[in-house]
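Enquirer: Return atomic coordinates for the entry below.
(chains A and B)
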Amino acid sequence: DAGITQSPRHKVTETGTPVTLRCHQTENHRYMYWYRQDPGHGLRLIHYSYGVKDTDKGEVSDGYSVSRSKTEDFLLTLESATSSQTSVYFCAISPTGQGDQPQHFGDGTRLSIL
Amino acid sequence: DQQVKQNSPSLSVQEGRISILNCDYTNSMFDYFLWYKKYPAEGPTFLISISSIKDKNEDGRFTVFLNKSAKHLSLHIVPSQPGDSAVYFCAASAEPGANSKLTFGKGITLSVRP
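Expert: A predicted model of the protein is given here:
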């Protein structure tokens, strides 16, 4: 299995609070991704990173920011959480970012915003 | 606008029989397709993929068929086993180079009855 650790695995918080999710990889892959999974929507890309301090937006980036100060860590921040951001969040990694290279996923963070 | 469609939300088959999971896409620029399998409380795991230059790819009990003219692909599992019970996501990418992004379908829940 790819060495991907997501933390925390579960979190419950209140509307308006800041939340940071962490993805840590031990594979030294260049590309890292954040997705959210919601019923009826499959997985949707939030943000991705193609190197240290290099990030770009995905399909559903509003309300989220990311940072990557080290190759192994990719942080997802909800500056002021809303109930619509209740979801399961997955981190993924890829060595090259090319379409013919499968991305490998962590086990997810279940986030509930009350 | 959903570019990757898995129109059947669920499928139930008898152990030992064939499971056929379907996926349709609308973006003619998609050139690489992947299937992921997901168990509850785990991240998606890569199962099998196919390039648009092929019409079939086989890996053990799993075969993916691609019909480019119909913009349709299917995953065949033969014989189906109870451990195959999971959610299956179809995904596609359109960019051959780096910074390629995956577009996922909503997923199909497969139940294999003993």
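Enquirer: ok, now how distant is A:Leu76 from A:Ala92?
Expert: Distance of A:Leu76 to A:Ala92, given as CB to CB, to the nearest Å: 12 Å. All C-beta spots, glycine's among them, are computed from the backbone N, C-alpha and C.
Enquirer: any residues in contact with both of those two?
Expert: Counting by CB atoms under 8 Å, 6 or more residues apart in numbering or on different chains, the shared contacts of A:Leu76 and A:Ala92 are A:Trp34.
Enquirer: Could you double-check that B:Ile77 sits in contact with B:Ile18?
Expert: Yes: B:Ile77 is within contact range of B:Ile18, at 6.9 Å (criterion: CB atoms under 8 Å).
Enquirer: more crowded one of those two?
Expert: B:Ile77 (22 against 13; other CB atoms under 10 Å in any protein chain shown).
Enquirer: pretty sure B:Leu11 contacts B:Ile18?
Expert: No: counting by CB under 8 Å, B:Leu11 stays clear of B:Ile18, with 10.9 Å between them.
Enquirer: Is chain A within reach of the helix or strand hosting B:Val87?
Expert: B:Val87 belongs to strand B:86-93 when elements are defined using DSSP states H and E. Yes: contact of strand B:86-93 with chain A (CB under 8 Å from any CB of the partner chain) involves B:89, B:91, B:93.
Enquirer: closest to chain A among those residues?
Expert: For the residues of strand B:86-93 next to chain A, the residue nearest chain A by CB to the nearest CB is B:Ser93; the value is 3.2 Å.
Enquirer: Now for residue 65, how many residues are close by?
Expert: Using chain A here. A:Ser65, neighbours per other CB under 10 Å, totals 14.
Enquirer: wait, I meant chain B there
Expert: Around B:Phe65 there are 17 residues (other CB under 10 Å).
Enquirer: Tell me the pLDDT of it.
Expert: Listed pLDDT for B:Phe65 reads 98.
Enquirer: B:Glu95 now?
Expert: 68.
Enquirer: do the same with B:Gln14
Expert: pLDDT, B:Gln14: 97.
Enquirer: Equivalent analysis for A:Asp1, please.
Expert: The confidence metric pLDDT takes the value 56 at A:Asp1.
Enquirer: Do I have it right that A:Glu72 meets A:His29?
Expert: No: applying CB under 8 Å, one finds A:Glu72 not in contact with A:His29, separated by 9.2 Å.
Enquirer: out of the two, which sits in the busier spot?
Expert: Neighbour count, other CB under 10 Å: between A:Glu72 and A:His29, A:His29 has more, with 21 against 18.
Enquirer: So what's the residue count around the residue nearest to A:Glu79 when sequence neighbours are not counted?
Expert: Excluding the flanking residues, the one nearest A:Glu79 by CB to CB, 6 or more residues apart in numbering or on different chains is A:Pro18, at 5.7 Å. A:Pro18 has 10 neighbours, counted by other CB under 10 Å.
Enquirer: now the end-to-end length of stretch B:5-18.
Expert: End-to-end distance for stretch B:5-18: 21 Å, by CA to CA, to the nearest Å.
Enquirer: what comes into contact with that stretch?
Expert: By CB under 8 Å, 6+ apart, the list of residues contacting stretch B:5-18 reads A:42, B:19-26, B:76-82, B:89-90, B:105-114.
Enquirer: Give me the buried subset of those residues.
Expert: A:42, B:19-25, B:76-77, B:80, B:89-90, B:105-108, B:110, B:112 (16 or more other CB atoms under 10 Å in any protein chain shown).
Enquirer: Appreciated, that's everything.
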